[in-house]
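> Quick check, what structure comes out for this input:
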Amino acid sequence: MKNFLIKILSLCIIISTALFIGTGCVEKSVTDEQGLIYTLNEDRQSYTLTGIDTLKDVFIIIPSHIKDKPVTHIGEGVFKRCVNIMSVTIPNSVISIGKTAFFYCRDLTSIEIPDSVKTIGAEAFGSCINLRDVQIGDGVETIGKSAFFLCESLTTITIPNNVTDIEDWAFACCDNLTSAKIGVNVTNIGQCVFSSCNKLGSVIFSDTSTWHRVESYVYWDEESKNDAEIDVTNPSRNATYFKSTYKDFYWYKI
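Residues are numbered from 1 along each chain as shown. Model prediction:
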């Protein structure tokens, strides 16, 4: 019996050691040479960019991998109010950009969001007042609330076809926005998406069929499907709808 217990104990020690070697040596937090901090995700197979130690450059290049593991998320508020950042390169490993990740990055002038990204969080690029050029990747599905609110220098935006949801105030108060194109698979457009975009002259719908509007989310129900369809074939008239006439309405496609 004693020998049996010793064997069991030895086996447990061997298993514990193997598990430690296999997972315990993975660093939970890593700081790269740019001063960016990455935290190991729960799956222990990927990292999230979660903070800044001491930012050493205004031209940020986020690596696709840390310690041979992919960087999959840009965390909430990582670069918030980093007013001196001039450019950011986001790798094709990132699948989400967190809430307020780049909020009020004053000197940021352009951003290319790769096809790997599925979600742009609320206020992710809000108040980036000098952001002139935004390229949204084809993989994006959701543009969060106020994601590009008060991007005063933005002049045009194309919503790619994979996007299904554009949330409230996403492009509101973009003073110099003149045109927008809505992708074919967009089915929900929140309230005030283009509110106070006073120079907006054209909103093109890639799919002009079966669009409806309702004054508030809370009023939408199954009966709303019987409402008259909205004619969205005229880009100029659409712009007027969104920036003034029906700016507070929720738009949906069925």
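> Name the nearest residue to residue 119, sequence neighbours excluded.
residue 96 (4.5 Å; C-beta to C-beta, 6 or more residues apart in numbering). Every residue, glycine included, has its C-beta placed from N, CA and C.
> Now do the contacts for that neighbour.
72-74, 117-119, 121 (C-beta atoms under 8 Å, 6 or more residues apart in numbering).
> swap in residue 29?
Here residue 29 is in contact with 37-40 (C-beta under 8 Å, 6+ apart).
> now those residues as a markdown table including neighbour count?
Shown next, in a markdown table, are the contacts of residue 29 (neighbours: other C-beta atoms under 10 Å):
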| residue | neighbour count |
| --- | --- |
| 37 | 17 |
| 38 | 25 |
| 39 | 16 |
| 40 | 19 |
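> quick one: which of the residues you listed is nearest to residue 52?
residue 37 (6.5 Å; C-beta to C-beta).
> What degree of burial does residue 54 show, as a neighbour count?
7 (other C-beta atoms under 10 Å).
> Quickly note the distance from it to residue 32.
From residue 54 over to residue 32 the distance is 12 Å, taken as C-beta to C-beta, to the nearest Å.
> So what does residue 97 have for phi and psi?
phi -120, psi 120 (degrees, to the nearest 10).
> Around it, how many other residues sit close by?
Neighbours of residue 97 (other C-beta under 10 Å): 27.
> Can you name the residues bridging to it?
Taking DSSP bridges as the rule, residue 97 bridges to residue 74, residue 120.
> And it, what's its pLDDT?
Confidence at residue 97, expressed as pLDDT, is 98.
> List the contacts of residue 117.
90, 94-97, 137, 139-140.
> Residue ranges in this protein under the pLDDT threshold?
1-26, 216-228 (pLDDT under 70).
> Kindly recompute the last result at 80.
Counting by pLDDT under 80, the chain shows low-confidence ranges at 1-27, 216-228.
> And the contacts of residue 29, which is closest to residue 191?
For these, the nearest to residue 191 is residue 39 (34.6 Å; C-beta to C-beta).
> which residue sits closest to that closest one in space, ignoring its chain neighbours?
Nearest one to residue 39, counting by C-beta to C-beta, 6+ apart, is residue 50 at 4.4 Å.
> And for the one you found, the neighbour number?
18.
> secondary structure class for residue 163?
Assigned by DSSP: H, G, I helix; E, B strand; the rest coil, the conformation of residue 163 is coil.
> mind listing the helices for this protein?
2-19, 235-240 (DSSP state H).
> And the contacts of stretch 238-246?
193-198, 200-205, 213, 232, 247.
> scratch that, stretch 44-53
Outside stretch 44-53, the residues that reach it (C-beta under 8 Å, 6+ apart) are 23, 26, 30-31, 35-41, 62, 66-67, 69-75, 78-79, 82.
> Got a quick ChimeraX command for the buried subset of those residues?
Only the buried entries of the contacts of stretch 44-53 go into this ChimeraX selection, using 16 or more other C-beta atoms under 10 Å:
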select :36,37,38,39,40,41,62,66,69,70,71,72,73,74,75,78,79,82
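> Out of the contacts of stretch 44-53, list just those in strands.
Counted as lying in strands by DSSP state E, out of the contacts of stretch 44-53, are 30-31, 36-40, 66, 69-74.
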